[in-house]
Structures are given as structure tokens and as C-alpha cells.
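Student: Need the 3D shape of this:
(chains A, B, C and D)
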Number of protein chains: 2
Amino acid sequence: MDELQLDHQLCFKLYALSRKVIAVYRPILEALDITYPQYLVLLVLWEVKSITVKELGVRLYLDSGTLTPLLKRLEQKGILSRQRDIEDERSVVITLKPAGRSLLQDAKKIPEALGNCISLGQSEYQQLKGRVDKLLTQLTTA
Amino acid sequence: MDELQLDHQLCFKLYALSRKVIAVYRPILEALDITYPQYLVLLVLWEVKSITVKELGVRLYLDSGTLTPLLKRLEQKGILSRQRDIEDERSVVITLKPAGRSLLQDAKKIPEALGNCISLGQSEYQQLKGRVDKLLTQLTTA
DNA sequence: AATTATTTAATTTTGCACAATTAAATTGTT
DNA sequence: AACAATTTAATTGTGCAAAATTAAATAATT
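Tutor: As a prediction, the model looks like this:
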């Protein structure tokens, strides 16, 4: 078997699937007027309320080059605030504002809306997530 | 279980894994002085020699907005040529040039080099690819 | 305490992705 | 044949990603 055939490449399929799934999210998130990476930031903020750019980057595997402009856009919309940490002036602390908190209510419907578009059995879903998670862990801890 | 927890989201893990795997490719492809999406275009061209932008887009799930500038960069480097189809002037035919063909020799080492970075058992690899492929098919044919 | 090294975010630059629009060529229909 | 509808690339504009550099703050070392 030719490993250089496009059709045989796992990476291409991962890349394509990732984009396709995000494309399913797009119209749903458009109702909240946010992008998928912005949604990921909000997922974190709904959990922790307040976090440094550094720690946000660790969780999302993104750096300040990507996060700074993205966070500025969310700040502009009044969803969050960015301020230097008084304890350590190198850090910038991101804090969710009321407008960002209220988005959580709308977001609660998202997982179900997505499930309707992606009909994957429970066991298949868990199995795929498990395999993806394992490989991701392997690549990030190596 | 809270489906809005970042850690529980399959899509985030797919998105993160896709980027991580491409990051593994990056230093390898840097030796050929190409990016990952450019590598995907070459994978197709090594198979078919000549193809329209339209058909390339179908295979890679990309549109002309992404492909046109990418192809122009590869044209600039003498890797391929872009010319209007004489049969149908709407189409642009992409043809591999000798410089592009010679890259195939270097590329033959890539799958093995990648395998060394991503240690995944044969059955696990096939199973993951199978699940990814199934979901991808479902989302693209729906 | 002064110097050096490290950490953190921002900035700059390059290259995707993708939506929306435009323009030209072809096809389909009357 | 004339007109309308469709197809194909290119263009424009927005928003990620990621590498490289810069600048400021903190930590570590002498």
C-alpha cells in the first residue's frame, strides 16, 4: 500500500474532520456572534471565571500571538476584561464580564444542537474520543 | 456530566490533535520548504500529474479562496504550473513540473519519519482512522 | 545589591480558511 | 440565436495559527 496516497493518510483525515466539525458549529455559534476559537475561550471562562493568558494558552494549546488579538476582540464586545495582574505585572488576567456570563445560557443548547447534526452512537463517540485523547496526550507529553 | 466542559468536548480534542499532528509534520516538511496544506496538494499531484483547481478543492475540501494563493506560491517556486483549460476556459489546470516531481523522492521518507514520532499500534491506527473516516464521510455526504 | 537568566504578553510577518462578491465562460431554455 | 442560469477562479475582507522578535517584569545567581 502506498503511504503517500492522500486517501491513506490519517493526518489528512483528522485535519479534514476537524474543519468539518467546526463547520457544523459555525452556524450555531453565529447566533451568538462568536467564532469557534472564541467559543473555546468562553468554555474555559465559564469554568474558572478568571485566568491568565498564559494558563489559557496551556489549556487551548494556543500562544499569545493567537490569543491576544482574539481576546481583544472579545474585550471590544464587552464579553471579558483584560488587565495586568497586580501580583505579577508580566501576566494579564482575563475575567468574564456579565455579557459573557449571559452567553452561557444560550450555549447550553449547543451540545444538543450539535448532537443532532452528528449522529454518532454513544459507544462510538466515546471510543473515538478515547483514541483521539490518547494520541493527543502522547503528543503533548512527549 | 457537564457537556460544556472543555475537557469533555470531542471537537476540541479533534481540533487540538489535528494541529498537534501537523506540528509534527512541520519540521519534516520544512526540509522540503513547504507547508502542510502545500504538501496535501503535492500528494494529489503525485497521484494524478494534472488536475483542475475545482477537482483539487473537492479532494482537499478547500475552495479557490484558499487554493488560488497557495497554488500561486507553489507556481512561484517552479513546483507546478497554472493554466486555463483550453477545452473550458473557466477551469484552471494545475500541472506538476519537474521540480515538483523531484520532491517526491524526498517525501518518500516522510511517512516513516512521522511513524517514529507517533507511536501508534497498527490496529489502533487503523481503528482511529476508520472511526475518523466514517464520521468524515457522514458529514460530507449529509 | 548588581547582574544574568527566565518568564510573560504583545507585536510583526507569513500562510492558511472561509464567506461573500465579481467576472468570465459555459450550459440550459425559450 | 437570444436570454437566463450555472459553473469556475479570482478577489476582498476577517479571523485564526504559528514562528520570530521585542520589551518589561520577575526570579535566580553571583
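Student: ok, the closest residue to DNA strand D within chain A to B:Arg26 distance?
Tutor: Among all residues of chain A, A:Gly65 sits closest to DNA strand D, at 2.7 Å; criterion: C-beta to the nearest atom of the strand. (Glycine included, C-beta is placed from N, CA and C.) Using C-beta to C-beta, to the nearest Å, one gets 15 Å for the distance from A:Gly65 to B:Arg26.
Student: Output the lowest-mean-pLDDT helix or strand in chain A as CSV, nothing but the C-alphas.
Tutor: The element with the least model confidence among the helices and strands of chain A, by mean pLDDT, DSSP states H and E, is helix A:110-117, at a mean of 88. Coordinates of the C-alpha atoms in helix A:110-117 are reproduced here as CSV (Å, rounded to 0.1, in the frame of the first residue of the first chain):
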residue,chain,number,x,y,z
ILE,A,110,-25.2,23.9,21.7
PRO,A,111,-24.2,20.3,22.7
GLU,A,112,-27.7,19.0,21.8
ALA,A,113,-27.9,21.0,18.6
LEU,A,114,-24.6,19.5,17.6
GLY,A,115,-25.6,16.0,18.5
ASN,A,116,-28.5,16.3,16.0
CYS,A,117,-26.1,17.1,13.2
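Student: where does the residue most central in space within chain A land on pLDDT?
Tutor: Centroid-nearest residue in chain A, with C-alpha atoms, centre = their mean: A:Leu40, separated by 2.7 Å. In this model, A:Leu40 is scored at 98, pLDDT.
Student: Is it in a helix, a strand, or coil?
Tutor: Three-state assignment for A:Leu40 (DSSP: H, G, I helix; E, B strand; the rest coil): helix.
Student: Contact partners for it?
Tutor: By C-beta atoms under 8 Å, 6 or more residues apart in numbering or on different chains, the residues touching A:Leu40 are A:60, B:6, B:12, B:15.
Student: now for those residues, which pair is the farthest apart?
Tutor: Farthest-apart pair in the contacts of A:Leu40 is B:Leu6 and B:Tyr15; separation 11.1 Å (C-beta to C-beta).
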